[in-house]
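A.B. asks: sequence-free structure coming up:
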């Protein structure tokens, strides 16, 4: 799998660290794995760290992924910070934000992990 997950039950925080080239099926596999984890709780906040990954998805694939999420028995209702590298293409950041418009209001993109954690209030 192309992601490592850590669930901190005390902080109610899920951290997903992605690595390598990530396609839509990789995201589906990772999220399915997360939803099967017995410590997963829908209300937990999360960080999706893509700083060491290359997200290879266009806008159509993002919407397909979002549609796939709608078919799952579980959902993540907490706030999610998406961490991207400073060299990440601005288009990728815009895709994440467009994907969440009207769908998941608690999603923001960051390049700074500390700012993401402050936004999530996990310090």
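C.D. replies: Cool, the structure landed. What you see is a predicted model, and the numbers here were worked out from it, not measured in a lab.
A.B. asks: Now residue 95. Nearest residue, chain neighbours left out?
C.D. replies: Setting aside the residues directly before and after it, residue 95 is nearest to residue 62 in space (C-beta to C-beta, 6 or more residues apart in numbering), at 5.2 Å. Just so you know, the C-beta spots here come from the backbone N, C-alpha and C atoms, and that holds for glycine as well.
A.B. asks: helix/strand/coil for that neighbour?
C.D. replies: Following DSSP: H, G, I helix; E, B strand; the rest coil, residue 62 is assigned to helix.
A.B. asks: could you measure it against residue 80, distance?
C.D. replies: 14 Å (C-beta to C-beta, to the nearest Å).
A.B. asks: Of those two, give the one with the bigger neighbour count.
C.D. replies: Neighbour count, other C-beta atoms under 10 Å: between residue 62 and residue 80, residue 80 has more, with 22 against 19.
A.B. asks: residues contacting the more buried one?
C.D. replies: By C-beta atoms under 8 Å, 6 or more residues apart in numbering, the contact list for residue 80 reads 45, 46, 47, 48, 104, 106, 107, 108.
A.B. asks: Perfect, I'm done here.
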